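Enquirer: Coordinates only, no sequence provided:
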């Protein structure tokens, strides 16, 4: 988990890849609503830029999901993350579960990269 991996965060800062852009829908998956349990995630999120998920981003994510063309489409949240990375010009997406993200990333206009955390 990136929130507790200070060495990885320092490496990202040193390479100019931080602060991260986090689509707001990620907060649903990352947080519980209990400030004690969410302490590390909230600390990390305070260093990020949270991107609202609007209609334009949602439509771009829907297009990516459709382009993957598998029987089981990647999740809407994964598609939003990759669409957001594409929207900002081809960012790198960090994930502990990169398989669906890589499938989506192959259909982006700006060469989104997927990296394991």
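Expert: Great, that's in hand. Here the structure is a predicted model, which is why all the values come from computation and not from measurement.
Enquirer: Please count neighbours and contacts with C-alpha atoms only from this point.
Expert: Noted.
Enquirer: Just list the residues touching residue 93, thanks.
Expert: Residues in contact with residue 93 (CA atoms under 8 Å, 6 or more residues apart in numbering) are 81, 82, 85, 112, 113, 114, 115.
Enquirer: Out of those residues, which sit inside helices?
Expert: Using DSSP state H, the subset of the contacts of residue 93 located in helices is 81, 82, 85.
Enquirer: so the first one touches residue 24, yeah?
Expert: No: shown here, residue 81 and residue 24 do not form a contact pair, counting by CA atoms under 8 Å, at 9.5 Å.
Enquirer: what's the longest helix in this protein?
Expert: Under DSSP H, the chain gives helix 55-68 as its longest helix.
Enquirer: Which positions in that one come out as buried?
Expert: Buried positions in helix 55-68, judged by neighbour count with 16 or more other CA atoms under 10 Å: 57, 58, 60, 61, 62, 63, 64, 65, 68.
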